[in-house]
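1. Coordinates for the following, if possible.
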Amino acid sequence: MLLFQSRVFIGALLLCAFLVMVVTSILLFSQRHDAAISVMHTMVGSMMALAIVWHAVKNRRMLFTYLNPFKKYQGKHSFSLALVLSLVTYVCISPYFNLKPAVSIYQFGQSLKAADKAQHIKETIYSEHRAKTPTSVGQTITIELKKGPYFMWPQYAFWLETLEGEFVQPLYVTRSIATNQFTNKVTKVNPEQVFNSHLMVGDNPIAQTALQGEQEPSTKDSRMRPESLPVFLHQLGKVSSSGYFLPTDNTLQIDGYSGATMMNNFIYHVQIAQKLAGKYRIRFEINHSFDYNTYYSSDRFPDDKVYSGDGYSAQPSVIYESVIDFSNPSELMKMQLVGHGHHSGKNGMLYKNTTNLTTALELVDRILVSHTL
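-> Got it, this is the predicted structure:
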């Protein structure tokens with residue numbers, strides 16, 4: 001027969017919670033923010049707080065006796081409550097009034113975090129690229145992209161536009177989009193098979209058995225990807241003979257705003273064509289093939305001939321943006337997610353509802369932009 005003793009349970013729970021809180025507190029104090037450690041610290045702290053409340057309720061009479069300054073305990077007055085209130089008050093006000101030794105302890109923790117961050121940065125490799133046309137006379141824009149866990153071989157583009165949405169110029173476009181070089185033709189092994197999860201990574205990466213590919217350069221012009229980056233392509237405004245918004249004249253490559261897809265974390269410097277003043281918007285659009293999910297499954301739009309055609313686009317492109325002011329000193333700004341493009345590229349609209357997107361939201365970890373005056 002098992003016996004439950006509340007005192008033993010509370011005591012053991014508080015001891016274990018205390019040990020976990022000590023370890024996680026040291027990690028959070030000395031290292032960069034870690035989501036898993038933070039969640040563990042918060043959950044165990046909450047459990048510890050409930051156990052303390054339970055303990056206090058069960059022993060409230062004795063506790064009130066200990067803390068009552070007007071009641072004698074073993075013939076003497078207790079000053080425990082006054083001492084507790086003094087310590088708690090000090091801990092609460094020390095950050096606001098820079099009281100020692102709290103400030104010294106905080107500064108020591110920050111130095112440990114800085115050292116940990118420096119080591120992390122050292123281990124994170126960024127490739128650096130520069131773009132400048134012979135006629136460029138404008139400011140230089142710097143873009144720093146740190147890729148996310150699902151960034152493998154995406155198509156993407158950066159461009160500059162006015163706050164009213166008028167296209168100014170491209171900043172960078174992956175070569176496959178700029179030249180329509182989709183020479184690899186991919187087909188299903190089983191034409192009837194329905195895809196509802198990412199084919200390359202995750203719990204069920206079946207690309208190797210479910211797909212087959214071959215090189216067909218001669219048919220590339222009939223296998224276009226208008227669904228790849230529809231917002232950018234409609235802004236660019238180049239229409240192919242098939243009626244799709246696609247650049248087929250190779251001008252992006254010639255102008256120097258296109259190159260091989262940068263596959264790792266990168267820092268990209270590009271000098272714009274003309275010197276500008278005032279506020280403009282930088283936009284970034286990215287898309288990845290084969291990233292199906294339960295909503296954007298391969299049979300989601302059966303009457304749409306473009307959706308998940310030869311490109312297997314699946315989830316639509318996602319768009320990030322940031323506003324920069326060419327008239328003021330540069331500030332390092334983080335581009336923010338603002339929506340997604342049309343799933344088959346029928347228009348260049350920006351759709352703000354991203355509820356049905358999953359892995360597409362993890363293609364990039366962050367994008368930072370700055371500029372020279």
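2. List the buried residues of stretch 186-194.
-> By neighbour count on 16 or more other C-beta atoms under 10 Å, the buried set for stretch 186-194 is residue 186. C-betas here are computed from N, CA, C, even on glycine.
3. burial count for residue 259?
-> Other residues near residue 259 number 16, with proximity taken as other C-beta atoms under 10 Å.
4. correct me, but it touches residue 129?
-> Yes. Residue 259 lies in contact with residue 129 (C-beta atoms under 8 Å); the separation is 7.3 Å.
5. so who does residue 361 touch?
-> For residue 361, the contacting residues are 318, 337, 354, by C-beta atoms under 8 Å, 6 or more residues apart in numbering.
6. Which strand or helix spans the residue nearest to the second one when sequence neighbours are not counted?
-> Nearest residue to residue 337 in three dimensions, chain neighbours excluded: residue 320, at 5.5 Å (C-beta to C-beta, 6 or more residues apart in numbering). Under DSSP states H and E, the secondary-structure element containing residue 320 is strand 318-325.
7. same question, residue 303
-> Going by DSSP H and E, residue 303 is not in any helix or strand.
8. Please report how far it lies from residue 92.
-> Remark: distance between residue 303 and residue 92 (C-beta to C-beta, to the nearest Å) = 63 Å.
9. ok, those two, which is more surrounded?
-> More crowded of residue 303 and residue 92, by other C-beta under 10 Å: residue 92, with 9 against 5.
10. Next one: the more buried one from residue 84, what distance?
-> From residue 92 over to residue 84 (counting by C-beta to C-beta), the distance is 12 Å.
11. now residue 347
-> Using C-beta to C-beta, we find residue 347 at a distance of 65 Å from residue 84.
12. Also residue 148?
-> From residue 148 to residue 84 the distance is 47 Å (C-beta to C-beta).
13. Of these two, which one has the most company?
-> Per other C-beta under 10 Å, whichever of residue 148 and residue 84 has more neighbours is residue 148, with 15 against 11.
14. Contacts only, for the more buried one.
-> Contacts of residue 148 (C-beta under 8 Å, 6+ apart): 362, 363, 364, 365.
15. can we see that at 10 Å?
-> Shown in contact with residue 148 (C-beta atoms under 10 Å, 6 or more residues apart in numbering): 286, 359, 360, 361, 362, 363, 364, 365, 366.
16. If I follow the layout properly, the second one ends up in contact with residue 203?
-> No. With contacts counted by C-beta atoms under 10 Å, residue 359 stays clear of residue 203, the gap being 11.7 Å.
17. anything in contact with each of these two?
-> residue 197.
18. where exactly do the strands run in the stretch 101-250 of the chain?
-> In the stretch 101-250 of the chain, the segments counted as strands under DSSP state E, counting those that start in this stretch are 127-131, 140-147, 155-161, 167-174, 184-188, 211-215.
19. which one of the ones you listed is the most hemmed in?
-> Across the strands of the stretch 101-250 of the chain, averaging neighbours per residue (mean count of other C-beta atoms under 10 Å) puts strand 155-161 on top, at a mean of 23.
20. what does the average pLDDT come to for that strand?
-> The average pLDDT within strand 155-161 is 95.
21. Identify the residues contacting the closest residue in space to residue 40 that isn't next to it in sequence.
-> Distances taken as C-beta to C-beta, 6+ apart place residue 24 nearest to residue 40, at 5.7 Å, with adjacent residues excluded. Neighbour list for residue 24: 34, 36, 37, 38, 39, 40, 41, 42, 43, 44, 45 [criterion: C-beta under 10 Å, 6+ apart].
22. so which strand or helix has residue 24?
-> helix 6-30.
23. Mind listing what's buried along that helix?
-> 10, 13, 14, 17, 20, 21, 24, 28.
24. give the contact list for the first one.
-> Listed by C-beta under 10 Å, 6+ apart, the contact set of residue 10 reads 51, 52, 54, 55, 58, 59.
25. Tell me the secondary structure at the fourth one.
-> What it means is residue 55. helix (DSSP: H, G, I helix; E, B strand; the rest coil).
26. What of the second one?
-> Classification of residue 52 into helix, strand or coil gives helix, according to three-state DSSP.
27. List the contacts of the nearest residue to it once chain neighbours are set aside.
-> Distances taken as C-beta to C-beta, 6+ apart put residue 14 closest to residue 52, at 7.2 Å, once the chain neighbours are dropped. By C-beta under 10 Å, 6+ apart, the contact list for residue 14 reads 47, 48, 51, 52, 54, 55.
28. contacting residues around the fourth one?
-> The reference is to residue 52. Residue 52 neighbours (C-beta under 10 Å, 6+ apart): 10, 13, 14, 17.
29. Output the residues you listed in CSV; the columns should cover distance to residue 282 and pLDDT.
-> CSV is the format used below for the contacts of residue 52 (distance: C-beta to C-beta, whole Å; pLDDT from 0 to 100):
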residue, distance to residue 282, pLDDT
10, 57, 73
13, 52, 76
14, 53, 75
17, 48, 76
